[in-house]
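A.B. asks: here are the coordinates; sequence isn't available:
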């Protein structure tokens, strides 16, 4: 399962997608009434036109990249796993509808279900909401099936090697700096993962503290350290940023600001990894590859190159197969 996408780059479809997505209490974790008012009367009405414009830029002849990459991923994974598994694809929001997929799995008589949330780093707005939704639907449909969940894989050696292979397609020596950009979260969601510790007091970026296993920031920095080591990068060669913020009370440093800071330091050629995403999508192709790039180049940068996500790369398919097989044993 992945997050999902609108069916088409039109206002009605984007409105439907945003309505389902943003009304999820694990995505916007505010009191029910405040969330409903904020989402349905402020955020969506004021953002839907711009969001639709961005989806139009993203769209291809094959449709939404997140959907078609995921579909091709499913096919290749099925071929790799063979007859030992049947692979199904579902999205948390919109289509393919996970509720219908669960019903199909039940009708086919399966007794064991392995859920693979396609998020390297655990967060309540991604992994947790996926797990809760599937568990709730199994109960609602009164399905008796053994459920196993593939855990976050931010530090899996094969995952790290797969992303490093993508980066090696570019000559790192030709770049002045490397930025690892992760999807941001509201600070209040971070603090829920380690109660009693304020974000500004946390040292997650330096090591994996006791609360680190499900601390999103800690696991992002852990992925960065592992990738940097795999790529032979020294501490001064790279930085970490967080993108896709809705307001200033989100994880810092913000990737767009970080890129401009590095430009002021004379780093005019920057390579950007986005290891929080296993499939290219709006946040990688448009936000980094288009918006951030235009701003960076407009301020005097010479090159901003986005490293493509894993998509259907053979090393990633092999990694997925390994993680799934581990759950069967």
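C.D. replies: Now that the structure is in, tell me what you want to look at. Just so it is clear, the model here is predicted, and its values are computed rather than measured. Residues are numbered from 1 along each chain as shown.
A.B. asks: how about the nearest residue to residue 235, chain neighbours excluded?
C.D. replies: Closest residue in space to residue 235, ignoring its immediate chain neighbours: residue 228 at 7.8 Å, by C-beta to C-beta, 6 or more residues apart in numbering. C-beta here means a position set from N, CA and C on the backbone, and glycine is covered the same way.
A.B. asks: that neighbour reaches residue 237, doesn't it?
C.D. replies: Yes: using C-beta atoms under 8 Å, residue 228 is in contact with residue 237, at 7.4 Å.
A.B. asks: the two: which is more packed in?
C.D. replies: Remark: of residue 228 and residue 237, residue 228 carries more neighbours, 19 against 14, as counted by other C-beta atoms under 10 Å.
A.B. asks: how near is that one to residue 238?
C.D. replies: Taking C-beta to C-beta, to the nearest Å as the measure, residue 228 falls 6 Å from residue 238.
A.B. asks: between these two, what contacts are shared?
C.D. replies: Common neighbours of residue 228 and residue 238, counting by C-beta atoms under 8 Å, 6 or more residues apart in numbering, are residue 178.
A.B. asks: Three-state assignment for residue 110, please.
C.D. replies: coil (DSSP: H, G, I helix; E, B strand; the rest coil).
A.B. asks: identify the residues contacting residue 259.
C.D. replies: Residue 259 sits next to 179, 241, 270, 272, 292, 295-296, 301, 304 when contact means C-beta under 8 Å, 6+ apart.
A.B. asks: ok, back up a step: need the overlap of contacts for residue 228 and residue 237.
C.D. replies: Jointly contacting residue 228 and residue 237 under the rule C-beta under 8 Å, 6+ apart are residue 178.
A.B. asks: need the pLDDT of the residue nearest the centre of the chain.
C.D. replies: Centroid check for the chain by C-alpha atoms, centre = their mean gives residue 277 as the closest residue, at 3.7 Å. Residue 277 carries a pLDDT value of 98.
A.B. asks: could you do residue 197 as well?
C.D. replies: pLDDT recorded at residue 197 is 66.
A.B. asks: equivalent analysis for the one 3 residues further on, please.
C.D. replies: At residue 200, the pLDDT value in this model is 65.
A.B. asks: could you do residue 131 as well?
C.D. replies: pLDDT recorded at residue 131 is 98.
A.B. asks: tell me the SS of it?
C.D. replies: Here residue 131 is recorded as helix under three-state DSSP.
A.B. asks: ok, for it, nearest residue in space, not its chain neighbours?
C.D. replies: Among residues not flanking residue 131 along the chain, residue 149 sits closest, at 5.8 Å (C-beta to C-beta, 6+ apart).
A.B. asks: residues touching the one you found, list them.
C.D. replies: Contacts of residue 149 (C-beta under 8 Å, 6+ apart): 114-117, 131, 327.
A.B. asks: cool, residue 94 as well?
C.D. replies: Residue 94 sits in contact with 4-7, 16-17, 20, where contact means C-beta under 8 Å, 6+ apart.
A.B. asks: what about it, distance to residue 28?
C.D. replies: Distance from residue 94 to residue 28, by C-beta to C-beta: 17 Å.
A.B. asks: and residue 59, by the same measure?
C.D. replies: Taking C-beta to C-beta, one finds residue 59 at 26 Å from residue 28.
A.B. asks: more crowded one of those two?
C.D. replies: With neighbours defined as other C-beta under 10 Å, residue 59 and residue 28 compare such that residue 28 has more, 19 against 16.
A.B. asks: dihedrals phi and psi, the more buried one?
C.D. replies: As for residue 28, its main-chain torsions (degrees, to the nearest 10) stand at phi -110, psi 100.
A.B. asks: quick revisit: what about the contacts of residue 259, which are in helices?
C.D. replies: 295-296 (DSSP state H).
A.B. asks: among the contacts of residue 259, which two are most distant?
C.D. replies: Farthest apart among these by C-beta to C-beta are 241 and 301. That separation is 15.1 Å.
A.B. asks: hang on, the earlier thing: do you know the pLDDT at the residue nearest to residue 131?
C.D. replies: With respect to pLDDT, residue 149 scores 97.
A.B. asks: tell me the domain ranges of the protein?
C.D. replies: 2-58, 65-152+314-328, 157-306 (automatic domain parsing).
A.B. asks: and the ones you listed, which one's lowest on average pLDDT?
C.D. replies: domain 157-306 (a mean of 92).
A.B. asks: so how far is that domain from its chain's centroid?
C.D. replies: 12 Å (C-alpha atoms, centre = their mean, to the nearest Å).
A.B. asks: same question, stretch 305-319
C.D. replies: How far stretch 305-319 lies from its chain's middle: 13 Å, per C-alpha atoms, centre = their mean.
A.B. asks: helices of this structure, residue ranges please.
C.D. replies: Using DSSP H, the helices of the chain run over 11-22, 32-38, 44-58, 65-81, 98-107, 129-140, 157-167, 187-193, 216-231, 255-264, 293-298, 314-328.
A.B. asks: and those as a markdown table, adding distance to residue 283?
C.D. replies: As requested, the helices of the chain are exported to a markdown table (distance: least, C-beta to C-beta, whole Å):
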| stretch | distance to residue 283 |
| --- | --- |
| helix 11-22 | 13 |
| helix 32-38 | 21 |
| helix 44-58 | 10 |
| helix 65-81 | 10 |
| helix 98-107 | 21 |
| helix 129-140 | 17 |
| helix 157-167 | 16 |
| helix 187-193 | 17 |
| helix 216-231 | 14 |
| helix 255-264 | 10 |
| helix 293-298 | 14 |
| helix 314-328 | 18 |
